[in-house]
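Peer 1: Take this sequence and fold it.
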Amino acid sequence: MPGFYTQSPGAVLSTTINKYMYISSHKFFEPDKIRVKYSKTETVGNVNELQHPILREVFKQFGISGGLEVSSIADVPSGTGLGSSSSFTVGLLHNLNIIRNKFITKDSLAQDACKVEIDLLKEPIGKQDQYAAAFGGLNVFRFKSNEEVYAEPLTKHKEAIGQLEKNLLMFYTGDQRSASNILSEQKNNIQESEKFEAMKQMVELVDKAKNAVILGNFDHFGKILHENWILKKSLASGISNSVIDQAYDVALKSGALGGKLLGAGGGGFLLFYCPEQTQAKVVDALKGLRKFDFKFEQEGSKLIHYSDE
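Peer 2: Below is the predicted model of the structure:
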């Protein structure tokens with residue numbers, strides 16, 4: 001969040017996974033109208049009439065006034081903490097640049113997505129999801145006070161990354177929520193010295209976690225994840241609740257070494273670090289939750305089909 005990294009360097013360790021947001025576009029048969037399809041369909045004669053805020057702002061940025069249809073399909077629902085909103089923004093910007101025959105770097109793609117969501121729409125969010133979606137892979141992203149972002153990919157450590165992937169379990173809590181209220185509170189809480197210090201401690205854990213992966217010290221990685229979760233829960237009310245806390249405690253008692261709720265909090269997906277030999281016990285103990293299988297993904301936003309016909 002800008003409220004933090006403008007005062008103290010920020011950092012995250014994150015990975016993309018093989019769950020996608022698909023954005024397609026083609027010429028709309030009515031040249032003076034725009035049609036967009038997401039969870040609902042909108043057909044408008046003026047871009048300002050669009051209800052979808054990201055589509056409206058991006059179309060305005062590109063000067064689109066009609067003759068275009070854009071559709072989106074997602075592998076996971078919105079509001080579950082997996083960065084679907086920023087993935088949508090990154091994918092949309094990538095698509096519209098391609099149909100204008102304009103090459104755009106991953107860094108520029110992430111910057112433009114941040115501009116739309118943070119600067120134009122004033123969402124109380126950070127930059128981590130946009131950069132993850134644009135770059136892809138397992139990375140450390142460092143956020144500087146001058147707005148520069150540096151990516152440190154860990155892709156060369158293939159064996160370690162493969163083992164880390166095997167030791168992670170994810171479960172869907174069944175709850176979707178808007179992150180805005182939690183993030184707005186967290187944004188305000190940054191001004192409190194106690195919360196600010198907690199975030200600084202979370203940043204310090206990034207390099208510890210990175211080194212644990214590189215050195216193959218995976219059990220230590222799990223404990224770092226647990227330490228991070230304790231700190232995260234202190235940042236704002238609503239990040240966790242009794243259901244999430246109970247599931248987390250059950251997982252740790254069954255063999256998981258650490259975990260966290262993904263996204264802002266309040267619902268969505270629980271991620272656990274769990275050695276392979278105890279995973280069956282954890283899955284059985286959390287049988288009330290849906291296990292969500294995934295693999296790491298390395299490419300980020302990409303073109304999968306293009307036709308100029």
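
Peer 1: residues making contact with the helix or strand containing residue 162?
Peer 2: Here residue 162 sits within helix 158-166, counting by DSSP states H and E. By C-beta atoms under 8 Å, 6 or more residues apart in numbering, the surrounding residues in contact with helix 158-166 are 138, 154-155, 213-216, 218, 221, 276, 295-296. All C-beta spots, glycine's among them, are computed from the backbone N, C-alpha and C.

Peer 1: Report the distance from the following helix or strand past it to the chain centre.
Peer 2: With elements assigned by DSSP H and E, the helix or strand that comes after helix 158-166 is strand 168-172. Remark: strand 168-172 is offset 15 Å from the chain centroid, using C-alpha atoms, centre = their mean, to the nearest Å.

Peer 1: Could you do stretch 300-309 as well?
Peer 2: 22 Å.

Peer 1: do the same with stretch 199-209
Peer 2: Offset of stretch 199-209 from its chain centre (C-alpha atoms, centre = their mean): 18 Å.

Peer 1: Please enumerate residues in contact with that stretch?
Peer 2: Here stretch 199-209 makes contact (C-beta under 8 Å, 6+ apart) with 4, 8-13, 140, 190, 220-221, 224-225, 227-228, 231-232, 235.

Peer 1: Name the next helix or strand following the lowest-mean-pLDDT helix or strand in the chain along the chain.
Peer 2: Least confident helix or strand, the chain: helix 180-189 with a mean of 58, by mean pLDDT, DSSP states H and E. Following helix 180-189 in sequence order, the next helix or strand is helix 193-214 (DSSP H and E).

Peer 1: What residues of that following helix count as buried?
Peer 2: Buried positions in helix 193-214, judged by neighbour count with 16 or more other C-beta atoms under 10 Å: 195-196, 198-199, 202-203, 205-206, 208-210, 212-213.

Peer 1: That one versus helix 158-166: what angle between them?
Peer 2: Between helix 193-214 and helix 158-166, the angle comes out at 120 degrees (axes from the mean of the first three to the mean of the last three C-alpha atoms, to 10 degrees).

Peer 1: Which stretches in the chain count as helices?
Peer 2: Assigned by DSSP state H, the helices in the chain fall at 2-5, 53-62, 84-99, 106-114, 128-135, 158-166, 180-189, 193-214, 218-233, 242-254, 279-285.
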